[in-house]
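1. predicted model and sequence follow; I will ask about them next.
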Number of protein chains: 2
Amino acid sequence: MKKITINDVAKHAGVSKKTISRVLNNEANVSPDTKLKVHSAFDSLGYRPNPQARALASNQSFLIGLVYSSPSNSFVSKIQSGALKRCKADGYNLIIYPEDHENDYLLANLERGLISANLDGIILTPPFSDMKPLLDFLSEKKIPFIRVGGDLSINASPSVYSNDAEASYEMCRYLVSLGHTKIAFIMGHPDHAASHQRLIGYKKALSEAGIEIRDTFIQQGYFTFESGEDCARRLLSQEDRPTAIFASNDYMAAGIIKVASQKNLFIPNDLTVTGFDNAPASRYIWPSLTTIKQPITDMAFEAARMLIRIVRNKPLENNIVTFKDELIVRESSAPAPKVS
Amino acid sequence: MKKITINDVAKHAGVSKKTISRVLNNEANVSPDTKLKVHSAFDSLGYRPNPQARALASNQSFLIGLVYSSPSNSFVSKIQSGALKRCKADGYNLIIYPEDHENDYLLANLERGLISANLDGIILTPPFSDMKPLLDFLSEKKIPFIRVGGDLSINASPSVYSNDAEASYEMCRYLVSLGHTKIAFIMGHPDHAASHQRLIGYKKALSEAGIEIRDTFIQQGYFTFESGEDCARRLLSQEDRPTAIFASNDYMAAGIIKVASQKNLFIPNDLTVTGFDNAPASRYIWPSLTTIKQPITDMAFEAARMLIRIVRNKPLENNIVTFKDELIVRESSAPAPKVS
DNA sequence: TTTTAACTTGACACCGGTGTCACCACATGA
DNA sequence: TCATGTGGTGACACCGGTGTCAAGTTAAAA
């Protein structure tokens, strides 16, 4: 029941440790003969290399860190699965760092955590992708990292990115095409770069359509269900209320639906509500939400792929990779009600 | 910019490596004097021990595996955060293994993955907590594991557990207390031990209340939104339809609400719907769901705590720890409608 | 005072791999 | 023929810690 080590395999195959190591790492210049012998030794002994020993000797850890704040379970789940898929395929393990980004000691704690695990590289998701002190820290410590969905202007490091402004713009154009002119917007958490992008798209679409942008129609939300409720109350109690509300994520949209239902507004006939993110809840609530689907899983996969290339000193094809969002029309949107 | 190793610290503090190691591991019998010297060396050098080297030398990896199938993002998120909290506190890293439990090659793949990471211990969540071949494999390989929410009868290994049958029983008693007699039940995925427990609680409560158990009121669901819709359609198209439907999880309950709404049944007045799990969506949908809250995070925390004790050869206070579920009453339940 | 036990410390081998380099056999070109 | 290159291999040091054990010092017991 003793653990099988490289020495056992070497003895069994009648070659040196080093040759075993060569086969293990698929190095060139091993004769087909020896390769065969070694592989059969692997099989008959059931050998599994010790990852820690390998890590120590080769000065790598085969560990990738994934840092995220967790406002949305579905976002986290997609990020994890995308990153994990690529990591496992390349023999890396993923260590997760869910962090409360509003914690005062965040940076110190996080930095200590990241350093002490001896990670080969780090995947940063919003809002960490935009934390300059963190980026600087990692650069200084020469720990490779890649940013997902951050603000491209603040740092030139490799990024995976989806065009939030454009997606938001398309959503608004869709609402305009339904005949809406009184379109309200609920912003996301100000710490997220995406929140600003989404607002930009909204303003652009309205301007282009010749619709006046009213300050009272723009409310500050925080990505939570409750903040959606609050904003909805404020919007729907206005004299001249909007006929469509576009929330910066689905949870806030769900909050709107709740408030609207309580006010006996029938969705979508009396009020169109749309969200962003395509969270599972957007399908589960009734009416189901018109929303924007971001290819989060694909983005995370690509981020991991790029990061691993960086770690292995292979050149990157592109420093920045952009993904396209998709408008998903469901039941919560309808043409604007006729003015009575 | 070179990495600081234990040798550097030893030189700086004027003691041997071994003494540094002693301080690092809080071993007894180090004089306060040396301890101080060593600590100040730590600080001035900014020393972080290399976890891989430590792992190799001490024949531990300080890695805990968490295996789960992911039907529900919120479940996963809670499990992760509970386990992670305890692991980080004890200096362990958590490696996640999200697995599709219906995959044919599951066992082979999973076993290979678990073995090759050289984990110190493994946390098993449903339905893996009940996979006998897997449990046997781990026992044979002498890899410590702990089961969360499994069937206690199939294996005597350490477990953390919450009484699903009892919670389900309480939910049904609550429905009975509201005057419901036509109470339907949607079962969960048959691979999950909890599904059977929840059914048991349902039957027990109805029997005790003197309510006949009708086969047509018990439908097979699979924990998905869609399966909830299907079952709801079958239940609500019956001649003598139920006045309350208790679904084995919240996603299925959401499916019921959707179907009921489409049939113009007003919830809760015309139909009471309740769920299980207290998923975030249960708050976000309208009306919000009456459901059962399981202390998943606490359970995972406790599981990690126990596992780490096992790994460290410390005795367990209890081999099996039970947690109590909680009934959460929200808007989707109301007294049974008067018979007209 | 002497003996014994307890505390403190360091030398050194070792964990299980990889990197470096030297070596041999054989093919190639001058 | 001899110098040169190249594919294939192993010896050995080394990665950065921990375990074992022996030895020196100090305190407690006789």
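-> Happy to help now that I have it.

2. how about the contacts made by A:Gln238?
-> A:Thr216 (Cβ atoms under 8 Å, 6 or more residues apart in numbering or on different chains). Glycine gets a C-beta too; all of them are placed from N, C-alpha and C.

3. near DNA strand C, which residues of chain A show up?
-> Listed as neighbours of DNA strand C in chain A under the rule Cβ under 7 Å from any atom of the strand: A:3, A:5-7, A:17-18, A:20-21, A:24-25, A:47-50, A:53-54, A:56-58.

4. which stretches of chain A form helices?
-> In chain A, the helices defined using DSSP state H lie at A:6-13, A:17-24, A:32-45, A:51-58, A:73-89, A:106-116, A:132-140, A:164-177, A:193-208, A:225-236, A:250-262, A:280-284, A:296-311.

5. possible to save the ones you listed as CSV with distance to B:Pro315 and mean pLDDT?
-> Listed next are the helices of chain A as CSV, based on distance: least, Cβ to Cβ, whole Å; pLDDT from 0 to 100:
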stretch, distance to B:Pro315, mean pLDDT
helix A:6-13, 34, 95
helix A:17-24, 39, 95
helix A:32-45, 35, 94
helix A:51-58, 27, 96
helix A:73-89, 35, 94
helix A:106-116, 29, 91
helix A:132-140, 42, 94
helix A:164-177, 54, 97
helix A:193-208, 50, 96
helix A:225-236, 44, 97
helix A:250-262, 45, 95
helix A:280-284, 42, 90
helix A:296-311, 41, 97
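
6. tabulate those helices in CSV, adding columns for mean neighbour count and distance to B:Arg241.
-> Below are those laid out as CSV (neighbours: other Cβ atoms under 10 Å in any protein chain shown; distance: least, Cβ to Cβ, whole Å):
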stretch, mean neighbour count, distance to B:Arg241
helix A:6-13, 17, 67
helix A:17-24, 18, 64
helix A:32-45, 14, 61
helix A:51-58, 18, 58
helix A:73-89, 22, 33
helix A:106-116, 16, 53
helix A:132-140, 14, 57
helix A:164-177, 21, 38
helix A:193-208, 20, 44
helix A:225-236, 21, 31
helix A:250-262, 26, 24
helix A:280-284, 25, 22
helix A:296-311, 22, 40
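
7. figure out which of these is closest to A:Ala184.
-> Closest of the helices of chain A to A:Ala184 is helix A:225-236, at 5.0 Å (criterion: Cβ to Cβ).

8. now do the closest one against helix A:250-262, angle only.
-> Counting by axes from the mean of the first three to the mean of the last three Cα atoms, to 10 degrees, helix A:225-236 lies at 50 degrees to helix A:250-262.

9. what does helix A:225-236 contact?
-> A:184, A:186, A:217, A:219-221, A:241-242, A:245, A:247, A:251-256, A:258-260, A:263, A:265, A:271, B:280, B:283-284.

10. how far off centre is it?
-> Its chain's C-alpha centre and that of helix A:225-236 lie 26 Å apart, by Cα atoms, centre = their mean, to the nearest Å.

11. likewise for stretch A:91-105?
-> On Cα atoms, centre = their mean, the centre of stretch A:91-105 falls 13 Å from the chain's centre.

12. do stretch A:221-231 as well
-> Taking Cα atoms, centre = their mean, one finds the center of stretch A:221-231 at 21 Å from the center of the full chain.

13. CA atoms only: put it into PDB for me.
-> Output in PDB follows, covering the C-alpha atoms of stretch A:221-231 (Å, rounded to 0.1, in the frame of the first residue of the first chain):
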ATOM      1  CA  GLY A 221     -28.700  50.400  -8.000                       C
ATOM      2  CA  TYR A 222     -26.200  48.000  -6.500                       C
ATOM      3  CA  PHE A 223     -26.900  44.800  -8.400                       C
ATOM      4  CA  THR A 224     -29.100  43.400  -5.500                       C
ATOM      5  CA  PHE A 225     -32.700  42.500  -5.600                       C
ATOM      6  CA  GLU A 226     -33.500  45.000  -2.900                       C
ATOM      7  CA  SER A 227     -31.800  47.900  -4.700                       C
ATOM      8  CA  GLY A 228     -34.000  47.000  -7.700                       C
ATOM      9  CA  GLU A 229     -37.100  47.200  -5.600                       C
ATOM     10  CA  ASP A 230     -36.100  50.600  -4.200                       C
ATOM     11  CA  CYS A 231     -35.300  52.000  -7.600                       C
END
